[in-house]
Every structure is written in C-alpha cells, then in structure tokens.
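Chemist: sequence plus the predicted model coming up.
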Amino acid sequence: MSDPTIHTPSGKVRPTIAPVMREGVPVMRIDLHCHSEASHDCKTPLKLMPGACLTSNIRVLAVTDHDQVWGGLELQKIVREEGLEDDFWVIPGEEVTTREGELNALFLKERIPPNLTPEETVKEIKAQGGLVMLQHGFDPLKRHRLRPEATLRIAESIDIVETFNSRLSRRRWNAAAVVWANERNLPQAAGSDAHTIQDIGEAWVETPLRPVKTPEDLIAALRAGTVGGAWTHPVEAYLKKQWRQLKQKYRW
Ligand SMILES: [Zn+2]
C-alpha cells in the first residue's frame, strides 16, 4: 500500500486527498470569486482558506479582493509551503473598481489601480496575460455592477461570464447572465462572492479533476463543467456575516 501521508516542505505531515467521484469520474469544483483578509470588508485569514476549500472539493479558487491582488499571491505562497500545489490551484485575482462599476480580473501578477475606465482596466488585465470576468453583471440592485452601457462597450473583451453568484438580489439575474453568455458562446463560471470562510464554495463549477495553472487550463475546465450553487438572500447573508464577525471578535 502506498504511503497515505504527504510530507510538506514546511515539515508538516498531512493525509493524501482522496478524489471525489461522480459516476466513476474524479471531479473537482471551481470558485472564481471570493474575498480574503486583503479586502477591506472581509476578515477571512488566508491560511485557513486551503482547508476550507478542500473540504468542499474546491480545488481551484480565484481570490478576487477589492482593488488588491496580494491576497491571491500570498495564498499561492501558502499553498506551496504546505505542499498542496498538486491538489489545489490558486488564481490571483482582483475585483477592480472601474469608473463605471466592478470587473473581475483573473491570473494577475500585479495590482491594477482602481478608477480607470472599463476599457483601460481591460487593457491592463490583458497586458498581464489575465482574463476578464464579468461578475454579477445583470443585477440592477448590485450597486457596484458594471454599468450595462459599459458592459456592451467591452463585450468583445470579456472572457468569462459569472452566471451563478450566491449574493444576487433575485435568482432571475443569474438567468439573465446565462442568456447573455450563451448568445456569445462564452464560458460560464460561478462565484460564491464569499466574505466569510463559511461561505467559500457556495457556488461552483463542477468539472473533471485536472490541474488549472493557466488561463487556457481554466477555460477548458469551465467548458467541460456544470455551474451550480446555493443562492442566499442578501439580507440573510449580511446578518450571518455580522453575527460571525461578532463571534470571532469576542471569541464566543
Ligand atoms: Zn466580490
């Protein structure tokens, strides 16, 4: 029998991670929108994220902090130190504030400054070899969504459409994103938009298990996958987050 434990570079020993099977095929889940302690409105410690993801079979996680990229870059480092790089793939990203709403950037190397025009933001993302993801693009109650007129102007540059976001005001806005993505034959993704550790993995694309290290790997994995997730009413999500943060603060 093979050794059931793995010795990581940091000297820790952890069990091997058994693949989750679906109809005889090993599968994994991808969450392309989540926040960490690098966001001003989130306290999730980066070092707890690999464990939280792997318990939900999230093997690919894009960290998309508000106008920051260091969270994702730091998580990549943690994953390497823990010897998890063959089981868990981190995509450093940023939820960039443009002058006309937010856009998600994936596979970044450097931070993109906020308050550029959507066109300038797209240019910066592409210059780094990154992907442009339209997230929560169709919910009129999402204050920070990319404005519809801007969405149309940059439509040709959008690489991925988030068609399941757990935090929309109504389920129907996810359906509108599906129609938009299908019309353009764009790959579809899911985002938990998690602002607490418990919410990571609430939305996913389930796809055959494979490494995702490049934009091309990601697009292929999304195209072979199925979008799913749990939708939570935003008021409920807000109350839960406040409650958990209080508990954390006073260590109940
Ligand atoms: Zn977000």
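Modeler: Arrived safely, thanks for sending.
Chemist: alpha carbons only for contacts and neighbour counts from here, please
Modeler: Will do.
Chemist: how about the strands in the protein?
Modeler: 5-7, 13-15, 20-22, 25-34, 58-66, 89-98, 101-106, 131-134, 160-165, 188-191, 203-208, 226-229 (DSSP state E).
Chemist: between those, which gets nearest to Pro140?
Modeler: Among the strands of the chain, the nearest to Pro140 by CA to CA is strand 101-106 (11.7 Å).
Chemist: how far is the closest one from where the chain is centred?
Modeler: 11 Å (CA atoms, centre = their mean, to the nearest Å).
Chemist: and that strand, which residues are buried?
Modeler: By neighbour count on 16 or more other CA atoms under 10 Å, the buried set for strand 101-106 is Gly101, Glu102, Leu103, Asn104, Ala105, Leu106.
Chemist: bridge partners for the fifth one, pull those for me.
Modeler: The reference is to Ala105. Glu94, Val132 (DSSP bridges).
Chemist: where's it relative to Glu119, distance?
Modeler: Separation of Ala105 from Glu119 (CA to CA, to the nearest Å): 13 Å.
Chemist: where are the low-confidence patches of this structure?
Modeler: 1-16, 233-234, 237, 252 (pLDDT under 70).
Chemist: for it, just list every one of the helices.
Modeler: Taking DSSP state H as the test, the helices found in the chain are 49-55, 70-81, 118-127, 148-154, 172-184, 215-223, 234-250.
Chemist: other SSEs contacting the fourth one?
Modeler: This points to helix 148-154. helix 118-127 (3 or more CA pairs under 8 Å, 6 or more residues apart in numbering; DSSP states H and E).
Chemist: cool, and the fifth one?
Modeler: With contacts defined as 3+ CA pairs under 8 Å, 6+ apart, helix 172-184 has these neighbours: strand 160-165.
Chemist: quick check: angle from the strand it packs on to helix 215-223?
Modeler: Here strand 160-165 points in a direction 40 degrees away from that of helix 215-223 (axes from the mean of the first three to the mean of the last three CA atoms, to 10 degrees).
Chemist: quick one: strand 160-165 to strand 203-208, angle?
Modeler: 120 degrees.
Chemist: show me what strand 160-165 pairs with in its sheet, parallel or antiparallel.
Modeler: By DSSP bridges, strand 160-165 pairs with strand 131-134 (parallel), strand 188-191 (parallel).
Chemist: deepest in the core, which of those is it.
Modeler: Mean neighbour count (mean count of other CA atoms under 10 Å) peaks for strand 188-191 among those, with a mean of 28.
Chemist: how about that strand as CSV, C-alpha atoms only?
Modeler: Taking C-alpha atoms only, strand 188-191 is exported to CSV below (Å, rounded to 0.1, in the frame of the first residue of the first chain):
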residue,chain,number,x,y,z
GLN,A,188,-19.7,30.3,-17.7
ALA,A,189,-18.4,30.4,-14.1
ALA,A,190,-19.7,30.6,-10.6
GLY,A,191,-18.7,32.8,-7.7
